[in-house]
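K.L.:
with the input below, show me the fold.
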Amino acid sequence: RHLGTETTVRYVAAFHAGKRLPLVVGTSGINGTVAGKITMDLLQHLYDTGEFHVIHLEANTGVSHQVRNQQPFGGGFPEGLLLYETVAKLRARTEFADQIDQVHLLGVSFGGMLSGIAAHCEGEFREGVIDGAVLAFSPPLDLRVLFENIAVLPIIHDRIHENYLEEGMQRMKYYTEFGNDIRDPKQLDFDGYFRKVAVPQARRMYPELKATFPDLAPLRNDDGKIE
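P.N.:
Numbers count the residues shown, from 1 in each chain. Model (predicted):
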């Protein structure tokens, strides 16, 4: 369960039979479209050394994950907590537990930010889920810049905008009720996205987050007032 709801996170695991080795858990960025191939290549190289087990987690910021679990993108912190909870579940599985010596995270693109948040969760809870290295590559810390780049840079627009925003919006329209009535995906900018999707989702999940993290700052509305 994640923030009060049943959640499914898909993964692919590759373990060396009969060996107790460090485990590298890799996760990609928003939708995993471009970064997913990079993450898989890195994990494949680590596995081929014979010195690591590896697991590739689906991007829990991706459209497929959001649609399947009815969990719109919440801005990063809830997804980082979910990453931590998922690794904890994987580490406890009977088919994995005896073979895992240590657990390290490998985050690519926005997955790098989620890995950092998961490491923060380990520091908060100290449950022995994450042992050491958090390798984070190119986390886009400013989402406004990310959305601007998606809109104007052809190499990003052609590979991400069409198959993430446009295809993703089609999935959301057919399978979900996220309350986003924008018809033209080119109009799905940073402000519209957060106003229609992320803000309502944040309001819904805030009580669960606050219960888990008592020091969490209060939500503020558009004019800065505490809700």
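
K.L.:
in a helix, Gly116, correct?
P.N.:
Yes: if the criterion is DSSP: H, G, I helix; E, B strand; the rest coil, then Gly116 is within a helix.

K.L.:
wait, doesn't it sit right on Gly123?
P.N.:
No: counting by C-beta atoms under 8 Å, Gly116 sits too far from Gly123 to count as a contact (10.7 Å). Placement of C-beta: from N, CA and C, glycine included.

K.L.:
looking at these two, which is more packed in?
P.N.:
Gly116 (17 against 9; other C-beta atoms under 10 Å).

K.L.:
give me every residue that touches that one.
P.N.:
Gly80, Gly107, Val134, Ala136, Pro139 (C-beta atoms under 8 Å, 6 or more residues apart in numbering).

K.L.:
ok, and the most crowded of the residues you listed?
P.N.:
Busiest of these [other C-beta under 10 Å] is Gly107, holding 30 neighbours.

K.L.:
what helix or strand is that residue on?
P.N.:
Element membership for Gly107, per DSSP states H and E: strand 100-108.

K.L.:
what's that strand packed up against?
P.N.:
Packing partners of strand 100-108 (3 or more C-beta pairs under 8 Å, 6 or more residues apart in numbering; DSSP states H and E): strand 21-27, helix 35-48, helix 77-92, helix 110-125, strand 134-137.

K.L.:
what mean pLDDT does the first one get?
P.N.:
Which is strand 21-27. Average pLDDT, strand 21-27: 96.

K.L.:
would you give the sheet partners of it, along with the direction of each?
P.N.:
Sheet pairing here is set by DSSP bridges, and for strand 21-27 it gives strand 53-57 (parallel), strand 100-108 (parallel).

K.L.:
in the protein, what helix or strand scores lowest on average pLDDT?
P.N.:
Lowest mean confidence among the helices and strands of the chain (mean pLDDT, DSSP states H and E): helix 190-193, at a mean of 54.

K.L.:
elements contacting the next helix or strand after that one?
P.N.:
Going down the chain from helix 190-193, the next helix or strand is helix 199-212, by DSSP H and E. The contact analysis (3+ C-beta pairs under 8 Å, 6+ apart) places helix 199-212 against helix 77-92.
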